[in-house]
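> What follows is a predicted protein model with its sequence.
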Amino acid sequence: MSEYAVELRNVVKTFVTPEGSTINAVDHVDMQIRHGEFFSMLGSSGCGKTTSLRMIAGFEWPTRGEVFIDGEPQGHRPPFQRKVNTVFQSYALFQHMTVFENVAFGLQMDKVPAEEIKRRVGEALAMVKLTGLEKRYPRQLSGGQQQRVALARALVKRPKVLLLDEPLGALDLKLRKEMQLELKTLQREVGITFVFVTHDQEEALSMSDRIAVMSHGKVMQIGTPVEIYERPRNKFVADFIGETNLLDGTVRAVQDKWLMVFVPALQAEVRALNNGEFRAGQQVSLSIRPEKIRLVEKPSECVNCFPAQVRQVAYIGADTRVIAQVIQSTLRVWEQNMVSTLDPDAYFQQNEQAWAVLPPENLLALPVD
Amino acid sequence: MNPHRRSPFVLVMTVLVFLFLYVPIFVLVLYSFNASRTNVTFEGFITAFGPLKTQGSLVVQSPCGPFHWFCDLTRNQEVMTAARNTLTIAFVSTIVSTIIGTMAAIALQRHDFKIKPFAQLSLYIPIVIPEIVMGIGILTLFSQVFTWVNTTFNLPPDARLTLGMGTVIVSHIAFSVPFVTLVVQARLQGFDKAYEEAAMDLGANELVTFWRVTLPMLLPGVLSGALLAFTLSLDDFVITFFTTGPGSTTLPIYVYGLLRRIITPQVNALSTVWILIVLIAVFVIQRMENRESI
């Protein structure tokens, strides 16, 4: 067994547009997916995530670079010779076949004996809780049930890697949440590597072991959900995953794990976390999440604290979302509603004066692209 | 006011449309049971069974009773030959044009090539140009090519290429292919290529994918195309008239020949049988289509 279940090495996929120009849908992508991992590719439409998945499946061939599955280079191998199976966004269930025939199809292609097919299809349908619906046709099933058939049809072949192309996109919100949990549980049970394509960041964060954030055909960052959210490597990831405030500035000094950055919009020098990449004199963007800024009436300790004026307030239950004017910058601040009270003084009001505290350990310095 | 109230105008129109469509067919079928040999007016049914007995222009008694003209038809060798020719031509041209038309539709859907717009346009031309023009064109082509082949290779008289079943079949295939292609193309419009990808993903190669997934899913379209080709071939007169030769007379050509002499109830009996065949074909195909789209 090789080190990685799937590896993309310097993969490029070029398409010709109808206007005749070329575009790199996937642009020099390197990705290593470990065995048994729940790996997600996350990005908005056109970021190259689906094309990358299709190159692993064999529906597209890389223009340059190589796709490895379990250490073997795949070259121009057709899909039917690859040890991966796909769950399609549209499910692509064969409309003229029953549930049983759909799930049995892949095993018939492998010339598995009839009795074994019967047993394994039964097991697969039990796994996705569809026992008893063998004789139904796809159009007689609900969206969620069709989704499960598609899953059973791919898993019954016991692939090395299961590829899922936005499989929950067509389901309504409630069903999607249920299926997210079920998929994750299923993945742990079968221990198969899942490569999951989605544009829904919450979905990716809640399900994945690791996430590749993609944009314009390039991988912006690969990491665990915590790494992606807490330590974004660039402005794109910081902004794309969750929400953030970005402040441009110049590094004045480096003090081992801290940077002193002059931020013109705050007319002051602030202390920020140094990830070791920056030198004095460099331009940086400082990123701080709205929930990591504290808004207080009187600051007790004062590192990176600035007078603020509350501009807008939105109470949304779990927290109160404030837009505050801090010197010359506008910051989004989310204050968690820790105490249950009806007292209006407990919440910030419009035009109220306060202090914004930007704790240095929450201020990340990022390159200015 | 109830917006769904039936307007008398709509009712009258509906009744009129159905009358115009079905009264001629009803009369035609009724007259195939006519006791009158001249078939000008309906003189009642032949009620008595027994040896043939006539009274003036009326048939009073027949071994087949009211079905006298149908029995009479089976004894008519020319009709039987024409019927056999018609069905042979229809079956062969339907099968061949369905295969070619389906392949063309898939090729046009799946591949991009330089002459694609031209190829697509060329499918509409045989449908829109007058049949007589196409008939003359095909006849000219056949006679030119045949003359050239016959003289160039100096073929003996019994081996010479002539008009006949072969030329009729080829011409029927030629005018049926565009219809099949367009019908199958319509079906392909809504065909998601993910179905084929799913089959290949599950281990089916291109050929197995085509037979087990693509074709079964296209089958309703292919069957509709085949039915269209079959009925077009069955009742084609104009193009057949130009491309037929001795020994390959089809029913439409034969009936036209009869009409120029006398109209006997035999012609009606023939038409009745014909309608029955087409109805059965439509019924069978519809059943197959419905089963496909459960």
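Noted; the coordinates are in hand.
> Next up, the contacts around A:Gly48.
A:13, A:25-27, A:29, A:214, A:216-218 (CB atoms under 8 Å, 6 or more residues apart in numbering or on different chains). Bear in mind the C-beta positions are built from the backbone N, C-alpha and C, glycine included.
> got the residues of chain A near chain B?
A:57-59, A:78-80, A:84-86, A:88-90, A:92-96, A:105-106, A:109-110, A:137, A:139, A:153-154, A:157 (CB under 8 Å from any CB of the partner chain).
> Looking at these, which are in helices?
A:57, A:105-106, A:109, A:153-154 (DSSP state H).
> Next, count neighbours for B:Leu215.
For B:Leu215, the neighbour count with other CB atoms under 10 Å in any protein chain shown is 14.
> For the chain, just list every one of the helices.
In the absence of a named chain, this looks at chain A. Going by DSSP H, chain A shows helices at A:49-57, A:99-109, A:114-127, A:143-155, A:173-190, A:201-207, A:225-230, A:235-240.
> switch to chain B, that's the one I care about
B:8-31, B:68-74, B:77-110, B:116-128, B:131-152, B:165-189, B:194-201, B:206-209, B:215-234, B:238-243, B:251-261, B:265-292.
> Pick the most buried one from these.
Most buried of the helices of chain B, by mean neighbour count (mean count of other CB atoms under 10 Å in any protein chain shown): helix B:194-201, with a mean of 24.
> same for that helix, what does it pack against?
Packed against helix B:194-201 by the contact rule (3 or more CB pairs under 8 Å, 6 or more residues apart in numbering or on different chains; DSSP states H and E) you find strand A:84-87, helix B:206-209.
> quick one: it to helix A:49-57, angle?
30 degrees (axes from the mean of the first three to the mean of the last three CA atoms, to 10 degrees).
> May I have the distance across stretch A:124-132, first residue to last?
For stretch A:124-132, the first-to-last residue distance is 12 Å (CA to CA, to the nearest Å).
> Would you indicate which residues of it are buried?
With burial defined by 16 or more other CB atoms under 10 Å in any protein chain shown, the residues of stretch A:124-132 counted as buried are A:124-125, A:127-128, A:130.
> contacting residues around the residue lying closest to A:Glu335 once chain neighbours are set aside?
Leaving out its chain neighbours, the residue that sits closest to A:Glu335 by CB to CB, 6 or more residues apart in numbering or on different chains is A:Thr320, at 4.9 Å. Neighbouring residues of A:Thr320 by CB under 8 Å, 6+ apart: A:313-314, A:334-335, A:337, A:347-348.
> quick one: low-confidence ranges for the stretch 151-294 of chain B?
Across the stretch 151-294 of chain B, the ranges flagged by pLDDT under 70 are B:291-294.
> What parts of it come near chain A?
Residues of the stretch 151-294 of chain B lying close to chain A by CB under 8 Å from any CB are B:192, B:194-195, B:197-205, B:208, B:212-213, B:216-217, B:219, B:292, B:294.
> Can you tell me which of the contacts of A:Thr320 end up in strands?
A:313-314, A:334-335 (DSSP state E).
> quick revisit: how far away is the residue nearest to A:Glu335 from B:Ile106?
60 Å (CB to CB, to the nearest Å).
> out of the contacts of A:Gly48, which are buried?
So, by 16+ other CB under 10 Å, the buried ones in the contacts of A:Gly48 are A:13, A:25-27, A:29, A:214, A:216-218.
> what bridges to the residue nearest to A:Thr250 when sequence neighbours are not counted?
Using CB to CB, 6+ apart and skipping residues adjacent in sequence, the residue nearest A:Thr250 is A:Phe262, 5.2 Å away. Beta-bridge partners of A:Phe262, counted by DSSP bridges, are A:Thr250, A:Glu269.
> which residues does A:Phe262 contact?
A:249-250, A:252, A:268-270.
> So what's the residue count around the residue in the stretch 201-350 of chain A that chain B sits nearest to?
Of all residues in the stretch 201-350 of chain A, A:Glu203 sits closest to chain B, at 21.0 Å by CB to the nearest CB. Using other CB under 10 Å, A:Glu203 has 21 other residues around it.
> what's the closest non-adjacent residue to it?
Nearest one to A:Glu203, counting by CB to CB, 6+ apart, is A:Gln180 at 6.0 Å.
> A:Glu269 contacts A:Val251, doesn't it?
No. Counting by CB atoms under 8 Å, A:Val251 is not a contact partner of A:Glu269; they are 10.1 Å apart.
> Please say which of those two ends up with more neighbours.
More crowded of A:Glu269 and A:Val251, by other CB under 10 Å: A:Val251, with 19 against 16.
> Quick check: that one touching A:Ala280?
Yes. At 5.3 Å, A:Val251 and A:Ala280 qualify as touching, with contact defined as CB under 8 Å.
> Now the common contact residues for those two.
By CB under 8 Å, 6+ apart, no residue touches both A:Val251 and A:Ala280.
> mind checking pLDDT for the residue lying closest to A:Gln201 once chain neighbours are set aside?
Spatially, and ignoring its direct neighbours in sequence, A:Gln201 is nearest to A:Ile241 (5.6 Å; CB to CB, 6+ apart). Listed pLDDT for A:Ile241 reads 93.
> do the same with A:Lys298
On the pLDDT scale, A:Lys298 is placed at 83.
> Next, the contact list for it, please.
A:Trp355.
> What of the one 4 residues further on?
Residues near A:Cys302 by CB under 8 Å, 6+ apart: A:Val357.
> cutoff 10 Å now
A:355, A:357 (CB atoms under 10 Å, 6 or more residues apart in numbering or on different chains).
> mind checking how far B:Leu232 is from B:Ile89?
11 Å.
> for A:Phe240, that is, sorry about that
66 Å.
> got it, and B:Pro24?
26 Å.
> picking up where we left off before, now the buried members of the ones in strands among the contacts of A:Thr320.
A:313, A:334-335.
> want to throw those residues into TSV with distance to B:Leu228?
As requested, those are arranged in TSV below (distance: CB to CB, whole Å):
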residue	distance to B:Leu228
A:Val313	69
A:Trp334	66
A:Glu335	71
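> which of the residues you listed lies closest to B:Met165?
A:Trp334 (84.6 Å; CB to CB).
> how many other residues sit next to A:Lys160?
17.
> my guess is it meets A:Gln74, correct?
No. Using CB atoms under 10 Å, A:Lys160 is not in contact with A:Gln74, being 11.9 Å away.
> what is in contact with those two at once?
A:6, A:82-84.
> Format those residues as CSV; extra columns: neighbour count.
As requested, the shared contacts of A:Lys160 and A:Gln74 are exported to CSV (neighbours: other CB atoms under 10 Å in any protein chain shown):
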residue, neighbour count
A:Val6, 25
A:Arg82, 23
A:Lys83, 14
A:Val84, 25
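> All set now, cheers.
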